[in-house]
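Student: From the sequence below, what's the structure:
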Amino acid sequence: MSVIAQGQGFKHAGSWLLEASTVLLLVLLFFVLILSIVQTVFPSGPTLASLLRAANPFDLMARPFSDRDGLTDAGTIGHESAAVLAEARRTVYHKPAGAVAWTPATQGLELNNRDAIQTLSRSGAVIRFFNDDVLTLGENTLVIINQVQDDMFSNKKRSVLTLVDGELWGRVTPTQRTSAGASSYEIAVAGSIAKIKLDAKDGGKPEFKITVDPKTNIAALTMFKGEAEIATEGLIQLIQSRESVQLEVDQPTPPPRPIPDPPELIQPKHGFEAIYRDLPPRINFEWIEAKNAEAYLFILARDELFLDVVDYAKVKVPYFTHGNLKEGDYYWKVSTLGTGGEGEFSAVLSLKVIRDDVPPRLNVRFPPRTLSISRYMITGETEPNAKVLIDGQEVEVDENGRFSLDFQLRSGSNVIVVEAIDAQGNIAYETARIYGKFGEDGDETTLSPTI
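Tutor: Residues are numbered from 1 along each chain as shown. Next up, the predicted model:
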């Protein structure tokens, strides 16, 4: 009986194990089904951890304070909207207020209160507010529009934002409807302990830059034009034009410091053209060394707004060399780094890289196929500045591309080769076989072609 009881016990245990395994499998299948439904309903996007990852500041900033050169009117701002995404380059994400997932942001997107905009690596964006106030976001920047409202007491338009990570440039543009009370920004940075108010005074256009380093949680405010008030723990600090200050959590605001002067660019000159055939040329960017400069920030981009950045470099010398630029238009600028932080950028210069693998134009007037004289004036036209060789002999080319040579023929068969070589090494050539029917001494008369 004990053996039978023991067998029944094993049978019950096996039955229980099978039931438990079946239940566990059903639970796992149900969990997978729920995950599939969630992923379908809520599109996946970058995780918050990835969006808030630490990264070195990469300045994709525009020439933000020109009169909106190159900034397109990407739609109008609706009645209920706070702002519009005027530019979006490369990878830019948007998360509406209350939403779970981040979705790709496109140019012309209307932004509302508590919406967030995130730029990823080597990306940039421009946010335009109700009165053409402009914020330009660099790469790896996360900004939240907390509130945009009218101040009934001061008749001011107030833009309230939170800069979580990265850096942004801003410009306040007073308009007729804000003449009684200029525009104002309030930007929470450094653990939301500092609020920065920017007021356009006497019709001016305040220009500023704010950078947040997620590794240290230290923010830096630089005023290029206008003034700002920093409110930290109940204390007010005034930051004037061409001053910079650092903001740190649980620390009093230090005195502002003057920013360094912008460098003066030397070469390549504005509108410079770098032409090549096979390999991109080495282009040397140079500028005059600035006073008290500790380093420089060099930025090269494919657009005037500096949203599509090709190269960003921090250098300690007043020059930078690039040897691998593809064909296209480029823009470059430089700022100075000193004890007062980062200074204002230099003027923006442009250049064009052109690939030329087309042979130069060449038109040659050869002598008739049979000649009874020994000399003939060969003439032709090519591109100006091209080098011309006739049977290996270089001939002079005038400013209009014309050339000529009093050519000595031999008795019998003559093969004449004319080559035109442009500055990029492209070669065009024409050949002709001429038969000379004269004695050894030949007829010394020179025959010129009929033009």
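Student: any idea which helix or strand of this protein has the worst average confidence?
Tutor: Lowest on mean pLDDT, DSSP states H and E among the helices and strands of the chain sits helix 48-51, with a mean of 37.
Student: ok, the next helix or strand along the chain from that helix: who's next to it in the sheet?
Tutor: Later in the chain than helix 48-51, the nearest helix or strand by DSSP states H and E is strand 83-89. Paired with strand 83-89 in the same sheet, following DSSP bridges, are strand 110-111 (antiparallel), strand 124-129 (antiparallel).
Student: most packed of these?
Tutor: Among the strands paired with strand 83-89, strand 124-129 has the highest mean neighbour count (mean count of other CB atoms under 10 Å), at a mean of 27. Every residue, glycine included, has its C-beta placed from N, CA and C.
Student: can you dump the C-alpha coordinates of whichever helix or strand comes after that strand into CSV?
Tutor: Counting by DSSP H and E, the element after strand 124-129 in chain order, helix or strand, is strand 134-137. Only the C-alpha atoms of strand 134-137 are listed here, as CSV (Å, rounded to 0.1, in the frame of the first residue of the first chain):
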residue,chain,number,x,y,z
VAL,A,134,13.2,83.8,-31.3
LEU,A,135,14.9,81.0,-29.4
THR,A,136,17.5,78.8,-31.1
LEU,A,137,18.2,75.4,-29.6
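Student: which strands and helices sit next to strand 134-137?
Tutor: Secondary-structure packing of strand 134-137 (3 or more CB pairs under 8 Å, 6 or more residues apart in numbering; DSSP states H and E): strand 124-129, strand 156-171.
Student: what's near enough to touch Gly328?
Tutor: Taking CB atoms under 8 Å, 6 or more residues apart in numbering as the criterion, Gly328 is in contact with Arg302, Lys352, Val353.
Student: Output those residues as JSON lines; include the columns pLDDT and distance to Val134.
Tutor: Formatted as JSON lines, those follow (pLDDT from 0 to 100; distance: CB to CB, whole Å):
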{"residue": "Arg302", "pLDDT": "91", "distance to Val134": "20"}
{"residue": "Lys352", "pLDDT": "96", "distance to Val134": "27"}
{"residue": "Val353", "pLDDT": "96", "distance to Val134": "29"}
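Student: now that we have these, which one has the most neighbours?
Tutor: Compared across the contacts of Gly328, Val353 has the highest neighbour count, 19 neighbours, by other CB atoms under 10 Å.
Student: That one: what's it in contact with?
Tutor: Contact partners of Val353, counting by CB under 8 Å, 6+ apart, are Glu273, Ala274, Tyr276, Pro280, Pro281, Ile283, Leu325, Lys326, Glu327, Gly328, Tyr330.
Student: Val126 too?
Tutor: Counting by CB under 8 Å, 6+ apart, Val126 touches Ala62, Leu71, Leu85, Ala86, Glu87, Ala88, Val134, Leu135, Thr136, Leu137, Leu305, Leu307.
Student: so the fifth one touches Ile117, yeah?
Tutor: No - here Glu87 does not reach Ile117: they are 11.4 Å apart, not a contact under CB atoms under 8 Å.
Student: picking up where we left off before, out of the contacts of Val126, who's nearest Met377?
Tutor: Nearest to Met377 among those is Leu305, at 57.2 Å by CB to CB.
Student: Can you verify my assumption that that closest one contacts Thr136?
Tutor: Yes - the pair Leu305 / Thr136 is scored as a contact, 7.3 Å apart, by CB under 8 Å.
Student: where do the helices sit along this protein?
Tutor: 2-41, 48-51 (DSSP state H).
Student: Dump the strands paired with strand 83-89 to a markdown table, plus distance to Lys387 and mean pLDDT.
Tutor: Converted to a markdown table, the strands paired with strand 83-89 look like this (distance: least, CB to CB, whole Å; pLDDT from 0 to 100):
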| stretch | distance to Lys387 | mean pLDDT |
| --- | --- | --- |
| strand 110-111 | 59 | 91 |
| strand 124-129 | 45 | 86 |
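Student: Make CSV out of the ones you listed and add distance to Glu381.
Tutor: Written out in CSV, the entries for these read as follows (distance: least, CB to CB, whole Å):
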stretch, distance to Glu381
strand 110-111, 59
strand 124-129, 48
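Student: out of those strands, nearest to Ala97?
Tutor: That would be, of those and by CB to CB, strand 110-111, which comes in at 9.7 Å.
Student: Just the CA coordinates for stretch 317-334, please, in CSV.
Tutor: This file holds the C-alpha atoms of stretch 317-334, laid out as CSV (Å, rounded to 0.1, in the frame of the first residue of the first chain):
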residue,chain,number,x,y,z
VAL,A,317,45.2,78.8,-31.8
PRO,A,318,43.7,81.4,-34.2
TYR,A,319,43.2,79.0,-37.1
PHE,A,320,41.5,75.8,-38.1
THR,A,321,42.1,73.5,-41.2
HIS,A,322,39.5,71.4,-42.9
GLY,A,323,40.4,69.0,-45.7
ASN,A,324,37.2,67.0,-46.5
LEU,A,325,34.4,69.4,-47.4
LYS,A,326,31.9,68.1,-49.9
GLU,A,327,30.5,70.2,-52.7
GLY,A,328,28.1,72.9,-51.5
ASP,A,329,27.7,76.2,-49.7
TYR,A,330,29.2,76.7,-46.2
TYR,A,331,29.1,79.4,-43.4
TRP,A,332,31.6,79.9,-40.6
LYS,A,333,32.0,82.0,-37.5
VAL,A,334,34.3,82.1,-34.4
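Student: And that stretch, what's buried?
Tutor: Pro318, Phe320, His322, Leu325, Tyr330, Tyr331, Trp332, Lys333, Val334 (16 or more other CB atoms under 10 Å).
Student: Report the two of those residues separated the most.
Tutor: Maximum distance among those (CB to CB): 20.1 Å, for Pro318 and Leu325.
Student: neighbours of Asp303, just the number please.
Tutor: For Asp303, using other CB under 10 Å, the count is 18.
Student: Quick check: it touching Tyr331?
Tutor: Yes - Asp303 is within contact range of Tyr331, at 6.9 Å (criterion: CB under 8 Å).
Student: tell me the domain boundaries of this protein?
Tutor: The record's domain split for the chain, according to automatic domain parsing, is 49-258, 265-355, 362-447.
Student: Pipe these into CSV and attach distance to Val23 per row.
Tutor: Output for the domains of the chain, formatted as CSV (distance: least, CB to CB, whole Å):
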stretch, distance to Val23
domain 49-258, 31
domain 265-355, 55
domain 362-447, 76
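Student: Quickly, which of those bottoms out on average pLDDT?
Tutor: The minimum mean pLDDT among these belongs to domain 49-258 (a mean of 70).
Student: No further questions, thank you.
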